[in-house]
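J.: here is the input, now give the coordinates:
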Amino acid sequence: MDGRHRTLATRLARSPLHPGEHVARKRDIARVIAARYLSRAGSEAAFFVGVWGKAAFSFQATAIQIATLMFVLSVVSILGSVISGVLVDRYGPRRVLIGAEILFVPASLAIALATDLGSLTVLVAFWGFVGAPVMTAGASFAPFLAGDNEDELRKMNSWIESAGSAAFITGPALGSLIVHYANVDWVFFADAATSLIAAVLVARTRLTYPKRDKGHSSAFGEFRDGIRTAYRARSLRFYVLAGTVVWLGFGAFGALEPLFYRDVVKTGIEAIGYVNSVFGVGILAGALLLQRLPKKIVSARALTVTVMLTGLCSIAYVGTSNIRIVVIGAALWGFVIGVMEPLLRTLLHRDSPKGMVGRITGTAMVHRQAGELLPLAFAPWLAATFGVQLTLIGGAMTVTVIAVLALFEASAIDRIAGTSASTDVEVSTLLAADEPISPNR
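T.: The predicted model follows:
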């Protein structure tokens, strides 16, 4: 009898929620996942099909004009992300998401009223700035739902990130369908509608607010420590720079990809959305494959090979004007990115000193953002001289050559690491932040 009572007590301790509370909690989780999906799906449709389509096809923008638009959008998105992180820590993700979504609705609707490229750039800047808290808050719910339960935290993060990845896949195609049956301006109305629905979904969500840590050094000091550690450690420096090379190659696409469809492939706005959805499917497939590969794949050489393949696959993507081959190239390119990004993060986590993982990862993200921004300064002039297609091919070839030359250093790093370093490492899963170009991460 006592044994049964002890067993019952143990079960109650492990399951403190009543049946009704369990149901309510499941509803809260479902609301957050749905809100994350809707927010990002609408924004992906608005970015790839709406913003790019309106700039390149409605206003016939040049490479310099699109580069300026992308630079402004990237800068305000970074600034908005920094501010929103502070707001989430202070007020919680629910309040931040609701407030940001309310501001996001008029911001999205206003873009539909843009009459020229100048007004479009200004309106997109406001859209990107208020959209950053939407993405940050939407991705920050897991600790507020799981509390101190680490297993639950991993599950929540996985579900929320999966919703974000699903939105990256379906959002652009949704935008293309809207353009097909209506016009490009209706994409922004859909974006506003999904924002309102997301705000309503999370309004009744109950959250657990974790205690805030105190006594840390300044944010700038921690950032400086991360950069110093990353550059002093041979392996970490290699991983960070390998990722930077890939994103330098990607940066040119921010300015030139819509022009590639307009001037080289000679398609309409819809093709941008459909092909980017195919690209998203490739990313997901690559990430799923990485989880099933042997642990020995976690190596500097494997990372370098994936960097090389990103260059080769992007050549397959932009090296033709045949839309069928473009689609195949997009799928292959996305597949390699889906393997490379989680592999890069796994290596960073494996080799980072204890207590430094966040700062090292942050250093890699800063390099990524800089890599996406830097090509915007010179890609338009290269395109004006050599053409859009040759500029994109040249960037891809540069990435490939650098990766080939780096194989010797990668082999040396693997020899230093030895075989034991990767036998028990937990391979990272795909994160929404892994998807390139889009500001909606």
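J.: run through the helices of the stretch 1-150 of the chain in chain order.
T.: 2-14, 19-44, 52-53, 63-91, 93-111, 117-138, 142-146, 150-181 (DSSP state H, counting those that start in this stretch).
J.: most neighbours per residue, which of the ones you listed?
T.: helix 52-53 (a mean of 29; mean count of other C-beta atoms under 10 Å). No exception for glycine: its C-beta is placed from N, CA and C like everyone else's.
J.: what are the boundaries of the strands in the stretch 201-350 of the chain?
T.: Read by DSSP state E, counting those that start in this stretch, the stretch 201-350 of the chain holds no strands at all.
J.: so, low pLDDT: which residues of it?
T.: The stretch 201-350 of the chain contains residues with pLDDT under 70 at 210-223.
J.: could you pull out the helices in it for me?
T.: Remark: helices assigned in the stretch 201-350 of the chain by DSSP H, counting those that start in this stretch are 219-232, 234-259, 269-292, 300-318, 323-351.
J.: kindly present these as TSV, with separate columns for distance to Glu435 and mean neighbour count.
T.: Below are the helices of the stretch 201-350 of the chain laid out as TSV (distance: least, C-beta to C-beta, whole Å; neighbours: other C-beta atoms under 10 Å):
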stretch	distance to Glu435	mean neighbour count
helix 219-232	23	14
helix 234-259	11	23
helix 269-292	6	21
helix 300-318	14	23
helix 323-351	8	22
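J.: closest one to Ala417 among those?
T.: helix 234-259 (6.6 Å; C-beta to C-beta).
J.: and the angle for the closest one with helix 269-292?
T.: 160 degrees (axes from the mean of the first three to the mean of the last three C-alpha atoms, to 10 degrees).
J.: tilt between helix 234-259 and helix 323-351?
T.: Using the same axes, to 10 degrees: helix 234-259 against helix 323-351 is 160 degrees.
J.: run the chain-centre distance for helix 234-259.
T.: Put simply, helix 234-259 sits 14 Å off its chain's centre (C-alpha atoms, centre = their mean, to the nearest Å).
J.: stretch 357-371 now?
T.: On C-alpha atoms, centre = their mean, the centre of stretch 357-371 falls 13 Å from the chain's centre.
J.: next one: stretch 99-116
T.: Using C-alpha atoms, centre = their mean, the offset of stretch 99-116 from its chain centre is 22 Å.
J.: I'd like the average pLDDT over that stretch.
T.: Averaging pLDDT along stretch 99-116 yields 95.
J.: contacts for it, please.
T.: The contact list for stretch 99-116, computed with C-beta atoms under 8 Å, 6 or more residues apart in numbering, reads 39, 42, 46, 50-51, 54, 59, 84, 120, 123-124, 126-127, 130-131, 133-134, 137, 185-186, 188-189, 191-192, 195-196, 198-199.
J.: again, only this time at 7 Å
T.: 46, 50, 54, 59, 120, 123-124, 126-127, 130-131, 133-134, 137, 185, 188-189, 191-192, 195-196, 198-199 (C-beta atoms under 7 Å, 6 or more residues apart in numbering).
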